[in-house]
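Chemist: Just need the structure, nothing else, for what follows:
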Amino acid sequence: MNTEVQLKIDGNKGFFYIDVDGKQEAMMTFVFAGEKQIIIDHTEVNPENEGKGFGKKMVTKAVAYARENNIKIIPLCPFAKSVFDKVLDFRDVL
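Modeler: Below is the predicted model of the structure:
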């Protein structure tokens, strides 16, 4: 089962997502706040995939994206915020 996180950007918004066998199983949405920040506003994982780490994988991909593009993340989504609270290594992008 391929659970690679993908990214789609459309104008000033975008989302990280995981497709499994052609079906979207998880999504984390964000909006750009200027050129140097994104706001993560929602994370959703299909119920049958809860507990498989899909949410954390998407936050990890968002952190990598932020580091590569020299931008900061504002985690308004409660799930994303909880990951940032637990993973000290991600705080450099806050």
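
Chemist: Every contact and neighbour count from this point should use C-alpha atoms.
Modeler: Fine.

Chemist: Helices of the protein, residue ranges please.
Modeler: In the chain, the segments counted as helices under DSSP state H are 54-69, 78-86.

Chemist: from the ones you listed, which stretch is densest packed?
Modeler: Highest mean neighbour count of those: helix 54-69, a mean of 19 (counted as mean count of other CA atoms under 10 Å).

Chemist: neighbouring contacts of that helix?
Modeler: Residues from elsewhere that reach helix 54-69 (CA atoms under 8 Å, 6 or more residues apart in numbering): 3, 5, 16-18, 26-28, 43-45, 72-73, 79-80, 83, 90, 93.

Chemist: cool, stretch 5-24 as well?
Modeler: By CA under 8 Å, 6+ apart, the residues outside stretch 5-24 that reach it are 1-4, 25-32, 54, 57-58, 61-62.

Chemist: cool, stretch 70-80 as well?
Modeler: 35-43, 55-56, 59, 63, 66, 81, 84, 93-94.

Chemist: mind running it again at 7 Å?
Modeler: 36-43, 59, 66, 81, 93-94 (CA atoms under 7 Å, 6 or more residues apart in numbering).

Chemist: Tell me the one among these nearest to residue 50.
Modeler: Closest to residue 50 out of the contacts of stretch 70-80 is residue 43 (11.7 Å), distances taken as CA to CA.

Chemist: got a list of what that closest one touches?
Modeler: Residue 43 makes contacts with 27-29, 55, 77, 79, as judged by CA under 7 Å, 6+ apart.

Chemist: Reformat these as a markdown table; add distance to residue 12 and pLDDT.
Modeler: Converted to a markdown table, these look like this (distance: CA to CA, whole Å; pLDDT from 0 to 100):
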| residue | distance to residue 12 | pLDDT |
| --- | --- | --- |
| 27 | 17 | 98 |
| 28 | 15 | 98 |
| 29 | 11 | 98 |
| 55 | 22 | 97 |
| 77 | 18 | 98 |
| 79 | 22 | 97 |
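
Chemist: a markdown table please, covering those residues and showing distance to residue 9.
Modeler: Output for these, formatted as a markdown table (distance: CA to CA, whole Å):
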| residue | distance to residue 9 |
| --- | --- |
| 27 | 13 |
| 28 | 12 |
| 29 | 10 |
| 55 | 18 |
| 77 | 18 |
| 79 | 21 |
